[in-house]
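> Predicted model and sequence below, questions to follow.
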Amino acid sequence: MSVSKASQPTPGSAPASSSEGLSSKGLGVGTVGLIGAVVIGLSCIAPAYTMTAALGPTVSAVGVNVPAIVLVGFIPMLLVALGYRELNRMMPDSGTSFTWAARAFGPWIGWMAGWGLIAATTIVLSNLAGIAVDFLFLLIAQLSGQAEIADLASNPFINVAVCLVFMAGAAAVSYRDMQTTQKLQYVLVAFQVAVLILFSVAAAIKVASGDGFDATPVSWSWFDPFAVSSFGAFAAGLSLSIFIFWGWDVTLTMNEETKDPERTPGRAAAITVIAIVALYLLLAVTLISYAGTGTGEFGLSNPDIQDNAFFALAGPVLGPFAALVSIAVLTSSASSLQSTFVGPARTLLSMSHYGALPPWFSKIHPRFFTPGNATIVTAIAASVFYAVMRFVSQNVLSDTITALGMMICFYYGLTAFACVWYFRKRWFDSVRSAFFTLLCPLVGGTILAVLFVTTLVDSMDPDYGSGSEVFGVGLVFVLGVTVLLLGAVIMVWQSIKRPDFFRGLTLGTDAPPSLRTTRPTEATGV
Amino acid sequence: MSGPLLVGYTATPSGPVVVEAASRLARALDERVALTMLLPDVVRGAVVPPHAGYESAVQESAATWLRDASASVPGDVPHSTHLQYTDSFSEGLLDVAHEIGARMIVVGATSDGVVGRTGLGSTANDLVHSSDLPVLVVPAAAASRSATDSAGGEGLPRITVAVGTRPGAGALVHEALALAAAGDIPLRLVSLVSLDLPGRVEHELADLTARAHVEKVLDDAAKTAPGARIEQTVVLTGSSFTEAVAGLEWLPGEIVLIGSSRLARPSRIFLGSTASKLLRELPVPVLVVPAAATPDSSNPNGDPR
């Protein structure tokens, strides 16, 4: 399949203005090598942050079967990412899910897909900043030797204040697009991985020497997805594991920016995912066998440590070297904050560009060339979300992660179906086409849809997640539904103010014709 | 020496001011304005994943900005637009300048909030400490001055040359004479000598030194360029720099030439401390001229490249 972009009315259709001899170099073609792509992938996934945030909630959903969930959870992610790649090739647009869903299903569904992406990334920003705050206090406590400093993080006022400072800092960095150099980022990622391996090995040694907190013998059944107690638990675990692989798809979608667009993205994606699965399995197995799945002091189902597992376990496992874990999580959160900020900001920019939001959002900063206004709005939304959640929920972080999993299922699922429907005339062009535009995204999208509905229904139970409830309904459910309804309300409001987009005038639905039937007509010049 | 005036354009409030100043100078010198916009290289770090869709949105936006800028250039001034990706904005400007054979680079200064003062952005700052081409720094304050002048004015009413005793002075005067001759523009000589001297030197002695120096410069100028019109000479005195500079009057559209410090490498710009202070205080565009190609003589070819 040829990469045909010129015919798409995306923001990419305008050629670079360059008169009188000087040619612009294009999109920095050939600048990311294989290692660079892997490092970007690992930075976006931020394994240290992801695992500390997701391990607890996942254990409380599926117990010792976390390794099985890690292995299975990758499948829907992979299937959807393959469809994502096809769409990105056809329509490289900063609006991604929004643009694609609008092209396939029309403006309303497109709008909600965009909203899902924005909501998910905004929620994860607040969670990231929350984790970073915890570890900042822990690091200060570890370095100063005064353990009580770490407890300051649980004071909601101090916590929210520091978190807002973090958020403002991260927003400023994103606004000005201050990036660390590639070399420094290589070092940070290598450090992060090394510390996680050290952490795992240390936990394994403690278990072997009988010093485990609740030493649990490792068993092959941990890797068996059918050993999970119920389908609900399985679905909950799976929707969390979607979160732990989230960000991995960037390795597949960097095409033109890589040195060898034919091979680099695929190889980078494979290397990244093998590394990340190995790392997650190692961490899950060693930490569960060290701490067990009980609700004791360091048990992974203990609600007090669940939303930030490494925070509690670093000290007992690594002793004097525990500060390394804090540094790894902090640096991982910092780069993840920055790469996460661009997602919603770019989508807001694209939505505004097509008239689905006020034009103010589509302003690109004239000096930093970032979606400046959209970045500020994202930071404010994430800050408000965090502050409200910190006071409403007892376990804000773990509940946001569960709600986040739900949100990712929503917009990824929509994107997968958008891929299937958009390419409907090309399904049977070739075996490759049938596989990547029909089979993979359809199966992936269906899995995510089932997960979304199951999580939504189950989370109505007030005992779901951390057990926080609002009006007798589970907080996670209220959160998910409120966020989606809020999106719908804003959508209706915008449809009254800006009807053009909603009439399909700025971004119409489309389906590229089959390549087999169009070839003869192309030859006649039609 | 000839060639287009390269404008480092940003779509900020300073953008139109810079274009206006460059157009005026280009008209006087009968040169082209090359509007250049630089975009950051897509892959500078390994944190934010590059995205083709977003990059094309940026490119589209940049193209629109350049079109608007291009439309704001007065009709009688020839101009071109250029878009370039770069790692470093100052290096990018120099690269483009050399590629198109530009005779100078024109950039805006940021107004840093303190009323009437001019701050240098990082790009302008890099340029005035390393460029091998003259750099015209246009303060935001230049806008309000020329607004009173109808329709962007005709040309340059006058060029002011700020001279000290530093080794750069020879090249500076040379450049000024060349500019003045090219556009048949009158010159004004402002001596910074007394401000350059150590603080403890008596006023009268400082004054005397400065006047003697101005005489010498005038002599030199008369020898090298007999046709030049030097309208006025001013010796700046005063207890403070700000006070001394505030006393100067400016014609709408006038520009100032200042030289590089003795720290400058041959044929390069390096803004000295006095010149930096001057740049911050002046409400008019300032052209910073590179040092001579050889340290102790004015450039015999008149062309630092």
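Structure received. Numbering: from 1, shown residues only, chains lettered A, B, ... in the order given.
> Look at residue 16 and report its pLDDT.
Went with chain A since none was named. You'll see residue A:16 listed with a pLDDT of 34.
> hm, I was asking about chain B
Looking at residue B:16, the pLDDT reads 89.
> What count of nearby residues applies to it?
16 (other C-beta atoms under 10 Å in any protein chain shown). (Each C-beta comes from the backbone N, C-alpha and C, glycine too.)
> ditto for residue A:361
Residue A:361 has 19 nearby residues by other C-beta under 10 Å.
> what residue ranges in the chain score low on pLDDT?
Reading this off chain A. Low-confidence segments of chain A (pLDDT under 70): A:1-30, A:255-256, A:394, A:396, A:465, A:517-526.
> nope, chain B
B:1, B:42-45, B:111-118, B:143-154, B:165-170, B:193-202, B:225-227, B:238-239, B:293-305.
> quick one: the strands in the stretch 51-200 of chain B?
B:79-86, B:104-108, B:110-111, B:118-119, B:135-138, B:159-163, B:187-191 (DSSP state E, counting those that start in this stretch).
> which residues sit in contact with residue A:248?
Taking C-beta atoms under 8 Å, 6 or more residues apart in numbering or on different chains, we find residue A:248 in contact with A:41, A:44-45, A:77, A:81, A:269, A:272-273, A:276.
> For the closest residue to residue B:120 other than its chain neighbours, give me phi and psi.
Leaving aside its sequence neighbours, residue B:120 sits nearest to residue B:109 (C-beta to C-beta, 6 or more residues apart in numbering or on different chains; 5.6 Å). In terms of degrees, to the nearest 10, the main-chain angles of residue B:109 are phi -100, psi 150.
> ok, residue B:109 touching residue B:139?
Yes. Applying C-beta atoms under 8 Å, one finds residue B:109 in contact with residue B:139, separated by 4.7 Å.
> quick one, what contacts the nearest residue to residue A:201 once chain neighbours are set aside?
Among residues not flanking residue A:201 along the chain, residue A:286 sits closest, at 7.5 Å (C-beta to C-beta, 6+ apart). For residue A:286, the contacting residues are A:199-201, A:203-204, A:207, by C-beta under 8 Å, 6+ apart.
> Can you name the residue of chain A nearest to chain B?
For chain A, the residue closest to chain B is residue A:179, as judged by C-beta to the nearest C-beta, at 2.9 Å.
> Which stretches in chain B count as helices?
B:14-29, B:52-72, B:89-100, B:122-127, B:141-147, B:169-183, B:193-196, B:203-224, B:241-246, B:273-281 (DSSP state H).
> what comes up buried for the fourth one?
Right, the one you point to is helix B:122-127. B:123-127 (16 or more other C-beta atoms under 10 Å in any protein chain shown).
> try stretch A:413-429
In stretch A:413-429, counting by 16+ other C-beta under 10 Å, buried: A:413-423, A:425-427, A:429.
> when you check these against the helices, which ones overlap?
Using DSSP H, these in helices are A:413-422.
> Just send the residues you listed back as TSV, with distance to residue B:6 too.
Converted to TSV, those look like this (distance: C-beta to C-beta, whole Å):
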residue	distance to residue B:6
A:413	51
A:414	48
A:415	44
A:416	49
A:417	51
A:418	46
A:419	46
A:420	51
A:421	50
A:422	45
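> Save those as a markdown table, and put in distance to chain B too.
Shown next, in a markdown table, are those (distance: C-beta to the nearest C-beta, whole Å):
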| residue | distance to chain B |
| --- | --- |
| A:413 | 21 |
| A:414 | 18 |
| A:415 | 14 |
| A:416 | 19 |
| A:417 | 20 |
| A:418 | 15 |
| A:419 | 16 |
| A:420 | 21 |
| A:421 | 20 |
| A:422 | 16 |
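> now, which of those sits nearest residue A:242?
residue A:413 (9.9 Å; C-beta to C-beta).
> one step back: who wins for proximity to residue A:350 among the helices of chain B?
helix B:52-72 (7.2 Å).
> Can you confirm whether that closest one lies near chain A?
Yes. Contact check for helix B:52-72 against chain A, using C-beta under 8 Å from any C-beta of the partner chain: residues in range are B:52-63, B:65-67.
> Write the ChimeraX selection for whichever of those residues are buried.
Only the buried members of these enter the following ChimeraX selection, criterion being 16+ other C-beta under 10 Å:
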select /B:52,53,54,55,56,57,58,59,60,61,62,63,65,66
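> For the residue nearest to residue B:120, which residues are in contact?
Counting by C-beta under 8 Å, 6+ apart, residue B:109 has contacts B:14, B:118-121, B:124, B:137-140, B:279.
> ok, now with 6 Å
B:118, B:120, B:124, B:137, B:139 (C-beta atoms under 6 Å, 6 or more residues apart in numbering or on different chains).
> What about residue A:372, how many residues nearby?
The burial count for residue A:372: 21, using other C-beta under 10 Å.
> Export the buried residues of helix B:122-127 to TSV and append columns for distance to residue B:191.
Shown next, in TSV, are the buried residues of helix B:122-127 (distance: C-beta to C-beta, whole Å):
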residue	distance to residue B:191
B:123	31
B:124	26
B:125	26
B:126	29
B:127	26
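> Tell me the one among those nearest to residue A:333.
residue B:123 (31.6 Å).
> Turn the buried ones among the contacts of residue A:248 into a named PyMOL selection, would you?
Buried members of those, defined by 16+ other C-beta under 10 Å, are picked up in PyMOL with:
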select buried, chain A and resi 41+44+45+77+81+269+272+273+276
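> Quick one, which of the contacts of residue A:286 are buried?
Buried among the contacts of residue A:286 (16+ other C-beta under 10 Å): A:199-200, A:203-204, A:207.
> returning to what we had before: please verify my assumption that the residue of chain A closest to chain B contacts residue B:49.
No. Here residue A:179 does not reach residue B:49: they are 11.1 Å apart, not a contact under C-beta atoms under 6 Å.
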